[in-house]
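>>> Pasting the sequence and the predicted model now:
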Amino acid sequence: MTILVTGANGQLGNEMRIISKASSDKYIFTDVNQVEGLETTYLDITDIEAIRKIVAEYDVDAIVNCAAWTNVDGAEDPEKYALVEKLNATAPENLAKAMTEVDGWLVQISTDYVFGKEPYNTPCKEDQQGTPTGVYGATKLLGEQKIIATGCKYMILRTAWLYSEFGKNFVKTMLNLTSTKSQLKVVFDQTGTPTYAWDLATAIVAALRNPVEGVYHYSNEGVCSWYDFTKMIAEYAGNKGCDIQPCHSDEFPSPVKRPAYSVLDKTKVKETFGIDVPYWTDSLKKCINNLSKK
């Protein structure tokens with residue numbers, strides 16, 4: 001199988017690069033950003049003709065779309081809305097159209113932010129109605145709908161709280177803050193589950209071995225708040241000098257209301273693909289150990 005990965009220089013794309021080294025499949029890694037030392041083919045996924053060209057050139061069987069606008073607060077800027085929709089909705093539709101034309105698969109990475117407006121306290125299932133609270137979530141949900149409307153063979157994987165050894169993410173930020181600050185306030189009234197990008201990449205590869213069309217949820221197992229997450233980051237890193245205190249979300253004003261509860265139910269992905277999902281603290285420990293070796 002020939003698999004094309006978009007957004008290959010981001011967190012998930014970099015994990016896909018590592019996994020690909022042990023795979024018998026052929027991988028093509030694409031991005032609009034070039035990073036020194038990483039072999040990357042330039043591809044603008046807002047350009048459908050460019051997609052068609054590369055799909056034909058490499059005889060692509062599947063696309064894993066890791067590219068997106070992910071700046072949640074920045075998406076609320078009215079001047080950015082058209083670009084956000086183009087990246088999160090139109091571009092996935094372009095990829096879906098291109099794969100429809102060659103009878104290939106599209107794996108779209110989506111988000112827990114498609115939920116959030118309605119109050120609930122049980123894990124979100126795939127068929128639960130999307131109720132996004134901001135532009136980011138709304139455009140990601142629109143992207144899902146546009147993909148499905150093309151009639152292409154698709155697997156949509158919604159994930160949450162992604163972190164890794166690569167790029168900017170919550171774990172790396174908190175490792176820095178808990179090692180340099182004497183006190184830190186972190187919100188405790190937003191609940192979800194962290195996702196180690198390596199684990200998500202492993203799940204994607206497993207799903208592509210025996211693809212089954214549908215929408216799936218994938219995060220690590222367990223439940224925590226951002227406060228709990230931070231406490232474990234500091235503990236595993238040995239950062240004992242920072243007094244970490246819980247606080248309410250309204251102490252950190254934001255242009256968008258984030259989901260108060262966005263735990264994802266993973267029953268479907270586990271049963272369909274036979275995937276074992278690691279507990280969030282076990283994966284966090286692995287990531288921090290890897291970062292300590294860098």
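Arrived safely.
>>> which regions of the stretch 1-150 of the chain lie under the pLDDT threshold?
The stretch 1-150 of the chain contains no residues with pLDDT under 70.
>>> In it, what residue spans correspond to helices?
When secondary structure is read from DSSP state H, counting those that start in this stretch, the stretch 1-150 of the chain shows helices at 11-20, 48-58, 81-85, 91-101, 135-150.
>>> Counting neighbours, which bits of the third one end up buried?
Yep, that's helix 81-85 we're talking about. Buried residues in helix 81-85, counted by 16 or more other C-beta atoms under 10 Å: 84-85. Just so you know, the C-beta spots here come from the backbone N, C-alpha and C atoms, and that holds for glycine as well.
>>> Same check on the fourth one?
Using 16+ other C-beta under 10 Å as the test for burial, helix 91-101 gives 91-100.
>>> Ok, stretch 110-117 next?
Neighbour-count burial for stretch 110-117 [16+ other C-beta under 10 Å]: 110-116.
>>> So what's the gap between stretch 245-253 and the chain middle?
24 Å (C-alpha atoms, centre = their mean, to the nearest Å).
>>> and if you look at stretch 38-55?
Worked out by C-alpha atoms, centre = their mean, stretch 38-55 lies 20 Å from the chain centre.
>>> And for stretch 92-107?
On C-alpha atoms, centre = their mean, the centre of stretch 92-107 falls 19 Å from the chain's centre.
>>> residue contacts, the residue nearest to Ala56 when sequence neighbours are not counted?
The shortest distance from Ala56 to any non-neighbouring residue, by C-beta to C-beta, 6 or more residues apart in numbering, is to Val102 (7.8 Å). Contacts for Val102 (C-beta atoms under 8 Å, 6 or more residues apart in numbering) come out as 55-56, 60-61.
>>> repeat for Val107
62-65, 154-157, 204, 207-208.
>>> sorry, back to before: export the helices of the stretch 1-150 of the chain as JSON lines, with columns for distance to Ser182.
Below are the helices of the stretch 1-150 of the chain laid out as JSON lines (distance: least, C-beta to C-beta, whole Å):
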{"stretch": "helix 11-20", "distance to Ser182": "29"}
{"stretch": "helix 48-58", "distance to Ser182": "50"}
{"stretch": "helix 81-85", "distance to Ser182": "37"}
{"stretch": "helix 91-101", "distance to Ser182": "44"}
{"stretch": "helix 135-150", "distance to Ser182": "33"}
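>>> and Lys285, which of those helices is closest to it?
helix 11-20 (16.7 Å; C-beta to C-beta).
>>> What residues sit buried inside the closest one?
Buried residues in helix 11-20 (16+ other C-beta under 10 Å): 11-17, 20.
>>> now that helix: how far from the chain's centre is it?
Relative to the centre of its chain, helix 11-20 is centred 12 Å away, using C-alpha atoms, centre = their mean.
>>> helices or strands up against it?
Judged by 3 or more C-beta pairs under 8 Å, 6 or more residues apart in numbering; DSSP states H and E, helix 11-20 is in contact with strand 2-6, strand 26-31, strand 162-163, helix 197-209.
>>> any idea of the angle the first one forms with helix 197-209?
Per axes from the mean of the first three to the mean of the last three C-alpha atoms, to 10 degrees, the angle that strand 2-6 makes with helix 197-209 is 140 degrees.
>>> list the helices and strands strand 2-6 packs on?
Short answer (3+ C-beta pairs under 8 Å, 6+ apart): strand 2-6 packs on helix 11-20, strand 26-31, helix 48-58, strand 62-65.
>>> Dump the ones you listed into JSON lines; add distance to Tyr216 as well.
Output for these, formatted as JSON lines (distance: least, C-beta to C-beta, whole Å):
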{"stretch": "helix 11-20", "distance to Tyr216": "15"}
{"stretch": "strand 26-31", "distance to Tyr216": "21"}
{"stretch": "helix 48-58", "distance to Tyr216": "24"}
{"stretch": "strand 62-65", "distance to Tyr216": "13"}
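>>> and Lys293, which of those is closest to it?
Comparing the helices and strands packed on strand 2-6 by C-beta to C-beta, helix 11-20 comes nearest, at 14.2 Å.
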